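1. predicted model and sequence follow; I will ask about them next.
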Amino acid sequence: MKNTLGDLNNHLFAQLEKLGDDDLTGEELESELKRTDAICDISEQIIKNGELQYKAMKHMDEYGYERQKAVPEMLEVHAGGGEP
């Protein structure tokens, strides 16, 4: 799975459009509201993860990065954001 923050943005706007549908009523609306809450919760975590990766990259750029130093795998940044 290689999703980007741009993809996340598209999903968020798509859900916003669903909530703006005047034909949604009752159970359908409640279901979409629950779905929206779940999407927002997950999105928040994705954004926090992206911020952490950015800060790690910025720190490595500022202070240098030697491959011999032990860096937690979670904090490694690779070109394109994918696996090594």
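-> Looks like it arrived, so ask away.
2. other SSEs contacting the longest helix anywhere in the chain?
-> Secondary structure assigned by DSSP state H gives helix 26-63 as the longest helix of the chain. Helix 26-63 sits against helix 5-19, with contacts defined as 3 or more CB pairs under 8 Å, 6 or more residues apart in numbering; DSSP states H and E. (C-beta placed from N, C-alpha, C; glycine too.)
3. list the contacts of the helix it packs on.
-> 24, 32-33, 35-36, 39, 43, 46-47, 50 (CB atoms under 8 Å, 6 or more residues apart in numbering).
4. how far does the longest helix of the chain sit from its chain's centre?
-> 4 Å (CA atoms, centre = their mean, to the nearest Å).
5. and for stretch 16-26?
-> That offset, for stretch 16-26, works out to 24 Å (CA atoms, centre = their mean).
6. excluding its backbone neighbours, what's nearest the residue positioned nearest the centre of the chain?
-> Geometric centre of the chain, nearest residue: I46, 2.7 Å, by CA atoms, centre = their mean. Nearest non-adjacent residue to I46, counting by CB to CB, 6 or more residues apart in numbering: L8, 5.8 Å away.
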